[in-house]
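**Q** The following block contains a protein sequence and its predicted model.
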Amino acid sequence: MTIRREFIKKSLVGGSAIAVGGMGFSAKSYASILGANDRINIGVIGIRNQGSLHINSWCGMKNSHNVIVKTICDADELLFPSRSKMVFDQTGIKPKEEWDMRKVFDDKEIDAVSIVIPNHWHALATIWACQAGKHVYVEKPASHNIWEGRKMIEVARKTNLRVQVGLNNRSTNTIREAIKFLHEGGIGELYMARALCYKARDSFGMAKDSVPPSSFHYNEWLGPAPYRPYNVKKSHYNWHWYWDTGNGDTGNTGPHQLDIARWGLNKHEHPVSIYSTGGIYGFNKDEREPDKRTPGKLVYGGVETYGHDKTFQETPNTQTCSFKYSDGTMLEFETRGRYTNHEGSKGQEVGNLFYGTEGWLEISGDSWKAFRRREREPFAGSKDDGVKQTSDHFTNFIDAIRAEKNEVLHCDINEGFYSSCLPLLGNISYRVGREIRLMNEHEKFINDPEADAYLKRVYRKPFVVPDIV
């Protein structure tokens, strides 16, 4: 983008010292050319739930930051009409529609992409985008496994492009204020943080394998994941609860809170000891209505489902993770996927608690409170003035692109990687059923080939994350 801008400046007003008007350009038209070349064209890859938020965020900054959603991309073409209308209604521009992300990367006019597709695609899509010269905003968790996350860092550094991870709390003013308070010793020396993810989720049932809709490019949706027959209960959104494509709620909502916890503890390394346990709890046959017409068949949400032996998802809905760092500092994380009480003074469901030698602090939503020792009333905290502290994570990404500096990013890929590794590590311990110990410098486990096998995956050709990026 800078190269294009400099070329125009030199061509119009450069070494020959020819006046702008003398080349047939008015001052106004010259300004419009600079404006066009100052524009950042965005491609949004993945336009379902969170993808809609991305579309609205980019479209909402069109006036102040000259950002245009040029292309929308999704493996499910059924989404195109509504999302194209969303862009057109806000900007007056009809975006291009693609179902193959590689065509977005091939478009020389695209400057940056939003990657809002399932977790198993995050790394390869980011690598392809960087190799094509695009800046990247990638949703959390940064990667589906630890090895490919390291490759994302390598490609970002090799290409010198901005890669922002969507851990948007990094851009929320009140949370930044709370972290600063912790780092300055507001509750003394920190020895533990606790992250919470309490989200009651109902069973989504099961369905027989079937043929994907004609509008759904299932092969491209599967991408790097092993082939398996299409199943309506294992694709859109429900992919979160299967190991091939997702990381459970620990790797879905969890990265946000684990990022705040690691940030507050000021840890820029992996933990050395990880232990996680849990399972799938709280479901029973009575929660679904029997279909009296066919014995043994159940109906859930209008979709035929069969049997009930907890095979409707693979990832745990109840999980506890414990991480210990080399200096002994503890980080705890808990996922509760069914009905539960809450924690903290505000009865929070999703948030953070920090413990120090002089007191404790809680972050709930976009507010925080600090308590001194045994005192019941907070002595410090965010202002409760009813003004919502919105995140400007998207704007920060654009600012970093224009500044051409990774330091401007609030959640550069390196930061996002370390926070994303926490749920990935917890899930590895859960799957092997015991404590695992990590060698930070090698990103390998100590004498544990079983656990090492989960650091990387076998990729389905041609959707392969390369060893050398």
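**A** Received the coordinates, thanks.
**Q** Would you check that N406 makes contact with R162?
**A** Yes. Using CB atoms under 8 Å, N406 is in contact with R162, at 6.5 Å. (Glycine included, C-beta is placed from N, CA and C.)
**Q** Look at those two and report which has more neighbours.
**A** Neighbours per residue, other CB atoms under 10 Å: of N406 and R162, the larger number sits with R162, 26 against 17.
**Q** Count the residues that sit near the nearest residue to that one once chain neighbours are set aside.
**A** Distances taken as CB to CB, 6 or more residues apart in numbering place H135 nearest to R162, at 4.4 Å, with adjacent residues excluded. Using other CB under 10 Å, H135 has 23 neighbouring residues.
**Q** How about the backbone phi and psi for H135?
**A** phi -70, psi 150 (degrees, to the nearest 10).
**Q** Give me the pLDDT for it.
**A** With respect to pLDDT, H135 has a value of 98.
**Q** any idea how far it lies from R460?
**A** 27 Å (CB to CB, to the nearest Å).
**Q** T159 against C130, yeah?
**A** Yes. Here T159 reaches C130: they are 4.6 Å apart, a contact under CB under 8 Å.
**Q** These two - which one has more neighbours?
**A** A count of neighbours by other CB under 10 Å puts C130 above the other of T159 and C130, at 26 against 19.
**Q** just how off-centre is whichever strand or helix holds that one within its chain?
**A** Using DSSP states H and E, C130 maps to helix 122-131. The chain centroid and the centroid of helix 122-131 are separated by 14 Å, computed with CA atoms, centre = their mean, to the nearest Å.
**Q** Which strands and helices lie in contact with it?
**A** The contact analysis (3 or more CB pairs under 8 Å, 6 or more residues apart in numbering; DSSP states H and E) places helix 122-131 against helix 101-106, strand 112-115, strand 135-138, helix 146-159.
**Q** And the next helix or strand past the last one?
**A** It refers to helix 146-159. Following helix 146-159 toward the C-terminus (DSSP H and E): strand 163-165.
**Q** Report the mean confidence score over that next one.
**A** Averaging pLDDT along strand 163-165 gives 98.
**Q** Over to stretch 413-427?
**A** Computed over stretch 413-427, the average pLDDT equals 98.
**Q** Same check on stretch 234-246?
**A** Computed over stretch 234-246, the average pLDDT equals 95.
**Q** Flag every buried residue along it.
**A** 234-235, 238-246 (16 or more other CB atoms under 10 Å).
**Q** And the furthest pair within those residues?
**A** S235 and W243 (14.9 Å; CB to CB).
**Q** so what does the helix or strand that contains I401 touch, helix or strand wise?
**A** Secondary structure assignment for I401, by DSSP H and E: helix 393-403. For helix 393-403, the elements it packs on are strand 40-45, helix 49-60, strand 135-138, strand 163-165, judged by 3+ CB pairs under 8 Å, 6+ apart.
**Q** give me the element E450 is part of.
**A** Going by DSSP H and E, E450 is part of helix 449-452.
**Q** Mind listing what's buried along that helix?
**A** So for helix 449-452, counting by 16+ other CB under 10 Å, buried means 451-452.
**Q** same check, this time on stretch 61-71
**A** Buried residues in stretch 61-71 (16+ other CB under 10 Å): 62, 65-71.
**Q** what's the neighbour count on S273?
**A** 18.
**Q** tally of neighbours for the nearest residue to it once chain neighbours are set aside?
**A** Nearest residue to S273, sequence neighbours excluded (CB to CB, 6+ apart): K324, at 4.2 Å. Burial measure for K324: 18 neighbouring residues, criterion other CB under 10 Å.
**Q** tell me the contacts of K324?
**A** K324 makes contacts with 271-274, 330-331, as judged by CB atoms under 8 Å, 6 or more residues apart in numbering.
**Q** any idea how far K267 is from it?
**A** Counting by CB to CB, the gap from K324 to K267 is 11 Å.
**Q** Can you pull the residues that touch both of those two?
**A** L331.
**Q** list the buried ones in stretch 123-142?
**A** 123-130, 132, 134-142.
**Q** what about it, start to end distance?
**A** 7 Å (CA to CA, to the nearest Å).
**Q** closest to E314 out of the helices and strands packed on helix 393-403?
**A** Nearest of the helices and strands packed on helix 393-403 (CB to CB): helix 49-60, 20.9 Å.
**Q** how far out from the middle of the chain is that closest one?
**A** With CA atoms, centre = their mean, you get 14 Å for helix 49-60.
**Q** what mean pLDDT does it have?
**A** pLDDT averaged over helix 49-60 gives 95.
**Q** Compute the inter-axis angle for that helix and strand 40-45.
**A** With axes from the mean of the first three to the mean of the last three CA atoms, to 10 degrees as the basis, helix 49-60 and strand 40-45 are set at 170 degrees to each other.
**Q** related to what we said a few turns ago, pick the most deeply packed of the helices and strands packed on helix 122-131.
**A** strand 112-115 (a mean of 28; mean count of other CB atoms under 10 Å).
**Q** per-residue pLDDT, the residue nearest in space to the middle of the chain?
**A** Taking CA atoms, centre = their mean, the centroid of the chain lies closest to K140, which sits 1.5 Å from it. K140 is assigned a predicted lDDT (pLDDT) of 98.
**Q** helix, strand or coil for it?
**A** coil (DSSP: H, G, I helix; E, B strand; the rest coil).
**Q** What is the neighbour count of the closest residue to it other than its chain neighbours?
**A** Leaving aside its sequence neighbours, K140 sits nearest to P255 (CB to CB, 6+ apart; 4.2 Å). Neighbour count of P255, defined by other CB under 10 Å: 28.
**Q** Wait, P255 touches R170, no?
**A** No. Counting by CB under 8 Å, P255 sits too far from R170 to count as a contact (11.6 Å).
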